[in-house]
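> Structure, please.
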Amino acid sequence: MTKPSAIRNAVSIIAASVALAWIFNFLFFEKAPGVSAALFAVMLLGAVSLFGVHQHIPLHKNWWLQALIIFFALMPAIRANEFLTFLNICATLGLLMLLAHELAGTPAFLMRLRDYLLLVTLVPLRMLGRALSTVTLLSQAQSEIKRRDAWARVLKGIIMAVPVLIIFGVLFSQADLAFARFINSFVNITISEQTAQYCALFLVAFVAALSFLSYIFFSPAQAKASREKSTATPQPGLPAGQAGKSIEVMVFLGLIGTLFLLFIGFQLTYLFGGEANIVNAGFTYAEYARHGFWELLAVALLSLVILLAAEKYTGVESASWRRDKRFLLPALILIAEVGVVIASAAKRLSLYIDAYSLTTLRFYVAGFIVLLIALFALLAYKFIASKREEFFTFGTLLSVAAFLIAMNLVNPDAFVARVNFAEYHRTGKIDAVYIGKLSADAAPWKIELYNTVADADKATLQELFQKQKDTLEKINANWQSANLSRARALQVLQGFLNPTI
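Predicted coordinates for the structure are as follows:
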């Protein structure tokens, strides 16, 4: 198969996968399995037959597998037992996997028990690998055009950015009330739970269909040929294909950076601009600032992945490409903007803690924010100094190790109890039940809290202390469970609850 036909084949497989995913949702979304299983199996086998005829892959030898697939897929339309339906669907999926494996070149009659075990465990991963190769081949489509057009690259960068912009737009709208009102003045991007479920099922069906068809009709030889093509006929001064990719990535990161800049404008105006601006906009400070943290944290994590993927896509680590400003500048600008987004998330977390006190979860999240800042700083240095991937990976490893070391040294439960106790002295409010349920690490602070709070909280804490003491005595009965904090806590609680002993 020539390279142009390989690209056409990849496009056909992707188009067929989209169609099959839509059909799958139409047949199964919010519907009980019935005749839909047989209909979809027939359509999937029909797609396999069409591709098989086009690529001269004989299917008549597998008639018995296809007959079994149709039989088991038809049973959900005949039998109503739920467990039997589940078994029939599992049998259909297993036989489809076996059919794909045989069409890919491994006769089912010659397989051993080990081969069937590998079929269940490794073949799904190989299918996903083939699907990735199919999608990757599309990036070579532009190289088929002898006269490269910069506008085509710009268009490709815009298309690449659209789904990311939608995701970030939704997250930003959920995170910030003023930004959501601004966006909704143009378009309502509120996504219902049903729509989210439909999209998730569609994505799963698309990936499954793409993996299945790619495994049969997109061979490793084609993937290798596409990679060899991407490295052929290099341009002077730049690796092959990367001159155009720089335009794509510059547009891609530039559009994302523009959305971030727009969101940052709202943060500077409202969140960091004072309560008066929020009140004038029709919100209370509490409802505006005390939500959206998790959405902004998701934005930061996605941004980290996107930057690493963009660097990998452009091949920015190659010797002659590493300092190309068309990648470096938008990447650094986006990192700086992510820094403001992280600051906004930290501000919201701080306000949330002020309103609802510190918990161990919020403590860990605050520490994770510091880790994120370190990772983005490390990534910026990697880009500026043209460091290799190994530098960032090792730096990430050291950063995570430092994060875990710091968590151990700080002692989260004791820290949370100490902070809440100090807040109690300032406001007179504390969640005694939550403090009483903290681990043995916070035992001394629990006793100090007991000696300070009112009688109602004293009774609650004493009950919790007794339960924890009984639990610790059971755990400490086994020498294999020896633990310094638990031993100290048990000694403290025994002395408190049984002062005469």
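> May I see the domains of this protein written out as residue ranges?
With domains defined by automatic domain parsing, the chain comprises 3-135, 241-410, 430-497.
> all helices of the stretch 101-250 of the chain, in order?
Counting by DSSP state H, counting those that start in this stretch, the stretch 101-250 of the chain has helices at residues 113-121, 123-137, 150-175, 177-184, 193-217, 220-230, 242-266.
> between those helices, which gets nearest to A73?
helix 193-217 (14.5 Å; Cβ to Cβ). Heads up, the C-betas are built off the backbone N, CA and C, glycines and all.
> So what angle separates the directions of that closest one and helix 150-175?
140 degrees (axes from the mean of the first three to the mean of the last three Cα atoms, to 10 degrees).
> V410: neighbouring residues, count only.
Neighbours of V410 under the rule other Cβ atoms under 10 Å: 13.
> mind starting the numbering at 26 from now?
Happy to do that; since the first residue is 26 now, the last one works out to V435.
> mean pLDDT for the helices of the stretch 126-275 of the chain: which is lowest?
Mean pLDDT per stretch puts helix 245-255 lowest among those, at a mean of 51.
> contacting residues around V425?
By Cβ atoms under 8 Å, 6 or more residues apart in numbering, the contact set of V425 is L396.
> Do you know the pLDDT at it?
91.
> For M185, find the nearest of the domains of the chain.
So among those, domain 266-435 is nearest, using Cβ to Cβ, at 4.9 Å.
> gap between the closest one and the chain center?
The chain centroid and the centroid of domain 266-435 are separated by 15 Å under Cα atoms, centre = their mean, to the nearest Å.
> show me where the stretch 376-525 of the chain has helices.
385-410, 414-435, 437-452, 457-461, 468-475, 480-501, 509-522.
> Now render the ones you listed as CSV, adding distance to H81.
Formatted as CSV, the helices of the stretch 376-525 of the chain follow (distance: least, Cβ to Cβ, whole Å):
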stretch, distance to H81
helix 385-410, 48
helix 414-435, 41
helix 437-452, 64
helix 457-461, 68
helix 468-475, 75
helix 480-501, 68
helix 509-522, 69
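> Would you mind confirming that I39 makes contact with T159?
Yes - under the criterion of Cβ atoms under 8 Å, I39 makes contact with T159 at 6.6 Å.
> shared neighbours of these two, anything?
L235.
> higher neighbour count, these two?
Between I39 and T159, T159 has the larger neighbour count (other Cβ under 10 Å), namely 27 against 20.
> Could you check how far that one is from P469?
60 Å (Cβ to Cβ, to the nearest Å).
> try F291
Distance from F291 to P469, by Cβ to Cβ: 45 Å.
> Pick out whichever of these two has more residues nearby.
More neighbours surround F291 than the other of F291 and P469, with 21 against 14 (other Cβ under 10 Å).
> do you know how far the more buried one is from L400?
Relative to L400, F291 is positioned 25 Å away (Cβ to Cβ).
> Quick check, R443 in contact with P469.
No - the criterion here is Cβ under 8 Å, and R443 misses it with P469 at 9.5 Å.
> residues of stretch 71-85 that come out buried?
Residues A72, V73, F76, G77, L84 are the ones in stretch 71-85 that count as buried (16 or more other Cβ atoms under 10 Å).
> contacting residues around the second one?
Yep, that's V73 we're talking about. For V73, the contacting residues are L84, L124, L128, L238, I241, by Cβ under 8 Å, 6+ apart.
> Report pLDDT for the residue nearest in space to the middle of the chain.
Taking Cα atoms, centre = their mean as the criterion, L327 is the residue nearest the geometric centre of the chain, at 7.4 Å. At L327, the pLDDT value in this model is 91.
> now the one 10 residues further on
The predicted structure scores K337 at 79 on the pLDDT scale.
> Give me the angle between the helix or strand encompassing it and helix 414-435.
Assessed by DSSP states H and E, K337 sits inside helix 318-339. Inter-element angle recorded for helix 318-339 and helix 414-435: 160 degrees (by the same axes, to 10 degrees).
> Tell me the buried residues in helix 318-339?
Neighbour-count burial for helix 318-339, counted by 16+ other Cβ under 10 Å, picks out 318, 320-325, 327-329, 331-332, 335-336, 338-339.
> on contacts alone, who are the packing partners of it?
Applying 3 or more Cβ pairs under 8 Å, 6 or more residues apart in numbering; DSSP states H and E, we find helix 318-339 packed against helix 175-200, helix 267-291, helix 350-381, helix 385-410.
> cutoff 6 Å now
Here helix 318-339 touches helix 175-200, helix 267-291, helix 350-381, going by 3 or more Cβ pairs under 6 Å, 6 or more residues apart in numbering; DSSP states H and E.
> Now do K350 against I281, distance only.
The gap separating K350 from I281 is 18 Å, by Cβ to Cβ.
> okay, the two: which has more neighbours?
Neighbour count, other Cβ under 10 Å: between K350 and I281, I281 has more, with 24 against 11.
> Which of the helices and strands in this protein ranks last by mean pLDDT?
Across the helices and strands of the chain, mean confidence by mean pLDDT, DSSP states H and E is lowest for helix 245-255: a mean of 51.
> Give me the distance between the residue nearest to S424 when sequence neighbours are not counted and L509.
Computed as Cβ to Cβ, 6 or more residues apart in numbering, the closest residue to S424 that is not its neighbour in sequence is A399, at 4.9 Å. Here the criterion is Cβ to Cβ. By it, A399 lies 30 Å from L509.
> do L357 as well
46 Å.
> Give me the more crowded residue out of these two.
For L357 versus L509, neighbours defined as other Cβ under 10 Å are more numerous around L357 (18 against 9).
> Let me know the pLDDT of the more buried one.
Looking at L357, its pLDDT reads 92.
> Which residues lie in contact with it in this structure?
By Cβ atoms under 6 Å, 6 or more residues apart in numbering, the contact list for L357 is empty.
> Leaving out sequence neighbours, find the closest residue to Y389.
P437 (6.9 Å).
> State whether the one you found and F388 are indeed in contact, as I suppose.
Yes - judged on Cβ atoms under 6 Å, P437 makes contact with F388 at a distance of 5.2 Å.
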